[in-house]
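I would like to see how this sequence folds:
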Amino acid sequence: MKTITVVVPTYNEEGNIQGTYDRLRHVFETQLPQYRLEILYIDNLSTDRTRAKICSLAEQDDRVKAIFNARNFGYSRSIYYGLSQATGDAAVLMNADMQDPPEVIPEMVRKWEEGSKVVVGIKNKSRESRILYFIRQVYYRFIKKISEIEHIEQYDGFGLYDQSFIRVLREVRDSNPYLRGIVSELGFCRSEVYYEQDVRKAGKTKFNFFRLYDVAMLGITSYSKVFMRLATFSGLIIGSLSIATAIFTLVRKLLFWSKFPIGTAAISIGVFFFGGIQLFFIGIIGEYISNINIRVMGRPLVVEERRINFPEVEEKKPENKEECSNG
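Just a heads-up that it's a prediction; the model follows:
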């Protein structure tokens, strides 16, 4: 019997833990009885009762596994590490908020059995905020245009990944991985499943503006040089225009010495304009340097605090019950 590991990243998702477990178990019992289900929760140091609920499920069902990170290492690093630890014949990545419906998994499994090594979930409809959906759509199209590889629109990581692809992920030495770009780049035999994104079942989204910005800049700085080149070309063009303007001003002043005053307003506007341009591109360059710096340091993706129901390693047992009760 083949095993499918469903990787579920969590951070303060106490209201969704039981729901993900119940829906996944129902899907596999009714539609995929020929497969063994394995659920791997990877928690980013939740501060609510998320870990306690995971511990409770793991005690009741040995198919539930867990990795508790020592601190919050960020969404991108956590999901990548969780996938790399999946031991099933295939792994499914889905968020705990169940906006990506587990009921789509059987269709993904069918395409996997037909030969696809990667089956990605594409949102063709969404019940989330229209403004947020529009912003995501603009971003996906923008990065698709500027990227050196063809990115997948409306794909956020929800999908099925064959174990052969998982093994490749383990070999990629990237301490700041961008899964969406890696899936597009590696070129495995891939198919797509379309679905309607549901609303969050419980709790509040953890993706505020700064987290979304962080993920967006990770994708841009990892797979595009367009801003670096834009900075170079802009500097060249603006520099050339500045020299031409300076020569023109000098000639006019020499020809019309008493009739051609040079005002401070134009100078001030020029200084602020060019200063703004410089600050913008310095910030962009800083994003690239920061991305490079993280990768050069070669730090681990995450540091584990504890594993649950991984028989191949000796698990660290909690010294007291509070370790499981308060996360």
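
all strands in the protein, in order from the N-terminus.
3-10, 36-43, 64-69, 90-93, 118-126, 159-162, 190-197, 304-308 (DSSP state E).

Now do the second one: which elements does it pack against?
For strand 36-43, the elements it packs on are strand 3-10, helix 17-31, helix 50-60, strand 64-69, helix 75-84, judged by 3 or more C-beta pairs under 8 Å, 6 or more residues apart in numbering; DSSP states H and E. Glycine gets a C-beta too; all of them are placed from N, C-alpha and C.

got those as a markdown table, with mean neighbour count and mean pLDDT columns?
As requested, these are arranged in a markdown table below (neighbours: other C-beta atoms under 10 Å; pLDDT from 0 to 100):
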| stretch | mean neighbour count | mean pLDDT |
| --- | --- | --- |
| strand 3-10 | 25 | 96 |
| helix 17-31 | 17 | 95 |
| helix 50-60 | 20 | 95 |
| strand 64-69 | 24 | 96 |
| helix 75-84 | 22 | 90 |
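
just the helices in this protein please.
Taking DSSP state H, the helices of the chain run over residues 17-31, 50-60, 75-84, 105-113, 130-146, 163-171, 179-186, 209-223, 226-255, 264-297, 322-325.

which one of these is the most hemmed in?
helix 75-84 (a mean of 22; mean count of other C-beta atoms under 10 Å).

Would you reformat the strands of the chain as a markdown table and include distance to G235?
Shown next, in a markdown table, are the strands of the chain (distance: least, C-beta to C-beta, whole Å):
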| stretch | distance to G235 |
| --- | --- |
| strand 3-10 | 41 |
| strand 36-43 | 44 |
| strand 64-69 | 42 |
| strand 90-93 | 41 |
| strand 118-126 | 39 |
| strand 159-162 | 41 |
| strand 190-197 | 39 |
| strand 304-308 | 46 |
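
For those, which has the smallest mean pLDDT value?
When the strands of the chain are ranked by mean pLDDT, strand 118-126 comes last with a mean of 86.

what's the closest of the strands of the chain to L179?
Set against L179 and scored by C-beta to C-beta, the strands of the chain come closest in strand 90-93, at 8.1 Å.

Could you dump the helices of the chain into a markdown table and include distance to Y195?
Output for the helices of the chain, formatted as a markdown table (distance: least, C-beta to C-beta, whole Å):
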| stretch | distance to Y195 |
| --- | --- |
| helix 17-31 | 13 |
| helix 50-60 | 25 |
| helix 75-84 | 18 |
| helix 105-113 | 9 |
| helix 130-146 | 14 |
| helix 163-171 | 21 |
| helix 179-186 | 17 |
| helix 209-223 | 21 |
| helix 226-255 | 31 |
| helix 264-297 | 31 |
| helix 322-325 | 34 |
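
Going by mean pLDDT, which of the ones you listed comes out lowest?
Among these, helix 322-325 scores lowest, with a mean of 49.

I figured R306 hits F68, correct?
Yes: the pair R306 / F68 is scored as a contact, 4.5 Å apart, by C-beta atoms under 8 Å.

Now do T20 against E171, distance only.
Per C-beta to C-beta, to the nearest Å, T20 is found 29 Å from E171.

try I308
Distance of I308 to E171, computed by C-beta to C-beta: 26 Å.

One more: Q31?
Q31 sits 33 Å away from E171, going by C-beta to C-beta.

Check I285 too.
In this structure, I285 lies at 30 Å from E171, with C-beta to C-beta as the measure.

Next: A70.
Distance from A70 to E171, by C-beta to C-beta: 24 Å.

again with R306
26 Å.

do L301 as well
If you go by C-beta to C-beta, the gap between L301 and E171 works out to 13 Å.

swap in V27?
V27 is 31 Å from E171, by C-beta to C-beta.

got it, and R25?
Relative to E171, and taking C-beta to C-beta, R25 is found at 32 Å.

what does E38 give?
Relative to E171, and taking C-beta to C-beta, E38 is found at 22 Å.

wait, doesn't S175 sit right on R299?
Yes: between S175 and R299 there is a contact under C-beta under 8 Å: 5.2 Å.

and of the strands of the chain, who's closest to I79?
Across the strands of the chain, I79 has its closest neighbour in strand 3-10 (4.9 Å, C-beta to C-beta).

partners of the closest one in the sheet?
The strands beside strand 3-10 in its sheet (DSSP bridges) come out as strand 36-43 (parallel), strand 90-93 (parallel).
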